[in-house]
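In: When you get a sec, could you give me coordinates for this:
(one chain, ligands or ions: 1)
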Amino acid sequence: MGRDVQTLVIGAGISGLSTAFFLRERGVDVAVVEAAPRAGGNIRTEEHGGYLLEAGPNTLLDNHPAIRRLIDGLGLREVAREANREAKRRYVVRDGRAVPLPDSPPTFLTTRLFSFRGKLRLLAEPFIKPVDYEESVASFVRRRLGQEFLDWAIDPFVSGVYAGDPERLSVRAATAKVYALEREHGSLLRGALKKAWAARKAEVRTGPVGQMLSFERGLGQLTDALAAALGERLFLSTPAQAIRQVDGGWQVETPRGMFDARNLVLALPGAAVADLLEPHVGEAVNTLREIPYPPVVSVAMGFRREDVAHPLDGFGVLIPSKERRTTLGALFSSTLFEGRAPEGQVMLTAFIGGRRHEEVGDWGDARLIERVLDDLGPILGFRAPPVMTHISRWPRAIPQYELGHLERMAALDTALAGLPGLWMRANWRDGVAVSDCIRNGWALAERLAG
Ligand SMILES: Cc1cc2nc3c(=O)[nH]c(=O)nc-3n(C[C@H](O)[C@H](O)[C@H](O)COP(=O)(O)OP(=O)(O)OC[C@H]3O[C@@H](n4cnc5c(N)ncnc54)[C@H](O)[C@@H]3O)c2cc1C
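Out: Residues are numbered from 1 along each chain as shown. The predicted structure is shown next:
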């Protein structure tokens with residue numbers, strides 16, 4: 001027997017769950033089907049040996065009103081946790097040592113992260129003209145800010161967000177806000193100063209640079225609450241196997257029977273969308289299969305406090321590719337949020353792999369841990385082996401918005417134009433951050449319910 005629903009969302013990651021939440025808030029009849037036996041997708045909090053660890057994302061950036069609405073609408077305000085103030089300090093490795101990233105003009109002048117020449121080069125930025133061809137993140141930064149800024153600031157930042165390669169990522173698609181500063185203000189420095197000034201005048205805390213958040217029981221508390229709010233309208237272990245266009249909407253085939261919906265939202269990774277759409281638009285879906293999703297492994301490690309020499313007084317440490325290590329960096333997880341490690345112990349979460357080290361996807365656990373310890377040990381001063389390790393593998397971790405991404409998305413939109421009632425909302429376009437997924441879910445709900 002089929003089930004009728006106004007809107008069916010396929011995929012219960014944060015994109016699908018938040019789209020469903022905002023639709024229901026507007027009185028739309030929604031159901032969600034999810035292939036896995038649990039909701040949350042990439043968001044997964046686990047307890048292991050007294051530690052509370054994140055297998056996937058660790059933080060949610062509160063940079064849009066939709067995020068507050070979600071937290072308040074779910075009644076989670078009391079358990080929401082802002083990152084420790086110390087988390088404003090971020091370390092970047094240069095010449096084997098963790099150096100704090102400068103966060104003010106005086107610290108910028110004195111930092112050893114950039115040479116005097118590198119610092120002077122930044123002064124030229126406001127006078128550099130935009131170009132009219134698509135650039136990689138690397139080429140854009142090299143042109144506007146110089147090679148040193150690319151090597152010791154942007155390269156590690158791109159690793160931290162995308163586990164990506166700045167030579168291949170498109171500046172327009174992957175770092176749209178930075179690109180917009182050049183377009184709108186002719187200069188990144190001028191644009192950033194104007195924005196900071198405007199935010200100060202408006203006294204907003206939810207701005208482009210918001211607070212880093214999690215919850216008392218980790219990010220999983222958010223997706224658990226979203227799943228609980230859906231109740232019986234969430235169908236777990238229910239993969240969508242095929243979709244068909246029918247009179248007045250869409251029909252979705254699952255092992256638990258058919259669903260009929262006027263609107264269908266595919267909140268799925270690129271390849272899963274391609275499988276469902278192929279019968280409808282043919283080869284046009286290959287563009288989704290071709291989006292690179294390099295593997296990333298997240299390695300949580302617990303140490304006795306006295307066995308780590310570094311004060312761990314910050315968000316974490318990023319390792320630029322110039323330092324020639326496989327590990328991309330590590331979060332100081334137990335500094336970021338309280339209650340993550342047992343008394344007298346600390347937890348680090350290292351990330352290894354990404355676009356430049358796809359080979360790690362084939363490595364065994366022992367080799368992964370050994371490499372992470374070899375890479376981070378000399379930087380953070382490990383005096384004894386970890387007392388806890390936990391590995392989370394992401395064979396297809398984060399979609400890469402590489403050169404040509406926006407053109408490929410536009411071509412896909414053209415191919416899909418003849419399929420009314422079909423919508424897509426996932427991290428392979430318009431932002432990979434959890435906050436982007438929530439903001440995009442909110443925008444789609446406005447559109448569908450409006
Ligand atoms: C290791 C790692 C660390 C990260 N760190 C951060 C961070 O600190 N901060 C941050 O903001 N972002 C971070 N991200 C990015 C962020 O987690 C993701 O971009 C985001 O969670 C993606 O959500 P989504 O709903 O779009 O996709 P997904 O989470 O992939 O959800 C898609 C869902 O669709 C389901 N599905 C697939 N096929 C079918 C089918 N046929 N039928 C039904 N269901 C199906 C899947 O099971 C899955 O549940 C990180 C990502 C990774 C991997």
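
In: where's the helix or strand bottoming out on mean pLDDT in the chain relative to the chain centroid, distance-wise?
Out: Taking mean pLDDT, DSSP states H and E as the measure, the chain has helix 188-202 as its least confident helix or strand, at a mean of 81. On the basis of CA atoms, centre = their mean, to the nearest Å, helix 188-202 sits 25 Å off its chain's mean C-alpha point.

In: My guess is L17 contacts E34. True?
Out: No. L17 is not in contact with E34 according to CB atoms under 8 Å; the separation is 9.1 Å. The C-beta positions use only the backbone N, C-alpha and C, and glycine is treated the same way.

In: In stretch 397-410, which residues are buried?
Out: Residues of stretch 397-410 classed as buried by neighbour count (16 or more other CB atoms under 10 Å): 397-403, 405, 408-409.

In: quick one: that stretch to chain centroid distance?
Out: 15 Å.

In: Next: stretch 323-331.
Out: Between the centre of stretch 323-331 and the centre of its chain there are 18 Å (CA atoms, centre = their mean).

In: Equivalent analysis for stretch 341-348, please.
Out: Using CA atoms, centre = their mean, the mean C-alpha position of stretch 341-348 is found 25 Å from that of the whole chain.

In: what does the stretch 151-300 of the chain put close to the ligand?
Out: By the rule CB under 6 Å from any ligand atom, the part of the stretch 151-300 of the chain lying against the ligand is 239-240, 267-269, 272, 296, 298.

In: Compare the residues you listed and tell me which has the most neighbours.
Out: Comparing these by number of neighbours (other CB atoms under 10 Å), A267 comes first, having 30 neighbours.

In: what's the spacing between it and E134?
Out: 28 Å (CB to CB, to the nearest Å).

In: ditto for E232
Out: For E232, the distance to E134 (CB to CB) stands at 47 Å.

In: which of the buried residues of stretch 397-410 come close to the ligand?
Out: Filtering those for proximity to the ligand (criterion: CB under 6 Å from any ligand atom) leaves 397-398.

In: Out of the buried residues of stretch 397-410, which comes closest to A443?
Out: The nearest member of those to A443, counting by CB to CB, is M409 at 15.6 Å.

In: So for the closest residue in space to that closest one that isn't next to it in sequence, what pLDDT did the model give?
Out: In space, and not counting its chain neighbours, M409 is closest to R429: 5.4 Å by CB to CB, 6 or more residues apart in numbering. In the prediction, the pLDDT value recorded for R429 is 95.

In: what about R429, neighbour count?
Out: As a burial measure, the neighbour count of R429 was computed by other CB under 10 Å and equals 22.

In: now the one 10 residues further on
Out: Look at R439: counted by other CB under 10 Å, it has 20 neighbours.

In: And for the one 3 residues further on?
Out: For W442, the neighbour count with other CB under 10 Å is 22.

In: how close does it sit to S435?
Out: According to CB to CB, W442 and S435 sit 11 Å apart.

In: Please enumerate the shared neighbours of those two.
Out: H64 (CB atoms under 8 Å, 6 or more residues apart in numbering).

In: low pLDDT regions in the protein?
Out: Across the chain, the stretches falling below the confidence threshold (pLDDT under 70) are 1, 202-209.

In: domain ranges for it?
Out: Structural domains of the chain, as assigned by automatic domain parsing, span the residue ranges 3-41+220-291+401-449, 103-204.

In: hmm, back to that, more neighbours: which of E232 and E134?
Out: With neighbours defined as other CB under 10 Å, E232 and E134 compare such that E134 has more, 16 against 6.

In: Is it correct that that one falls within a helix?
Out: No. The secondary structure assignment for E134 gives coil rather than a helix, going by DSSP: H, G, I helix; E, B strand; the rest coil.

In: Contact partners for it?
Out: Here E134 is in contact with 170-172, 403-404 (CB under 8 Å, 6+ apart).

In: L264 now?
Out: Shown in contact with L264 (CB under 8 Å, 6+ apart): 7-8, 10, 243, 249-250, 252, 421-423.

In: One more: P399?
Out: Listed by CB under 8 Å, 6+ apart, the contact set of P399 reads 269-270, 291-293, 427-428, 432.

In: do that again at 10 Å, thanks
Out: With contact set as CB atoms under 10 Å, 6 or more residues apart in numbering, P399 has these partners: 162, 164, 269-270, 288, 291-294, 405, 426-429, 432.

In: And the residues you listed, which is closest to D62?
Out: Using CB to CB, V432 comes nearest to D62 of the contacts of P399, at 16.9 Å.

In: Can you give me the neighbour number for the closest one?
Out: What V432 shows, counting by other CB under 10 Å, is a neighbour count of 21.

In: now R44
Out: Using other CB under 10 Å, R44 has 18 other residues around it.

In: my guess is it contacts A300, does it?
Out: No. With contact defined as CB atoms under 10 Å, R44 does not count as touching A300 (11.8 Å).

In: Please identify every residue contacting each of the two.
Out: With CB under 10 Å, 6+ apart as the test, R44 and A300 both reach 53-55, 392.

In: Can I get the residues you listed in CSV including neighbour count, secondary structure and distance to the ligand?
Out: Rendered in CSV, the data for the shared contacts of R44 and A300 read as follows (neighbours: other CB atoms under 10 Å; DSSP: H, G, I helix; E, B strand; the rest coil; distance: CB to the nearest ligand atom, whole Å):
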residue, neighbour count, secondary structure, distance to the ligand
L53, 25, strand, 12
E54, 25, strand, 8
A55, 23, coil, 7
S392, 17, strand, 7
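
In: quick one: P269 and G16 touch, right?
Out: No. Look at P269 against G16 with CB under 10 Å: they stay out of range, at 11.3 Å.

In: Contact partners for the closest residue in space to A267 that isn't next to it in sequence?
Out: Leaving aside its chain neighbours, A267 sits nearest to G16 (3.1 Å; criterion: CB to CB, 6+ apart). Counting by CB under 10 Å, 6+ apart, G16 touches 9-10, 30, 32-34, 39, 41, 226, 234, 265-268, 425-426, 437, 441.

In: Distance from the chain centre to the helix or strand harbouring G16, please.
Out: Using DSSP states H and E, G16 sits in helix 14-25. Chain-centre distance of helix 14-25: 18 Å, with CA atoms, centre = their mean.
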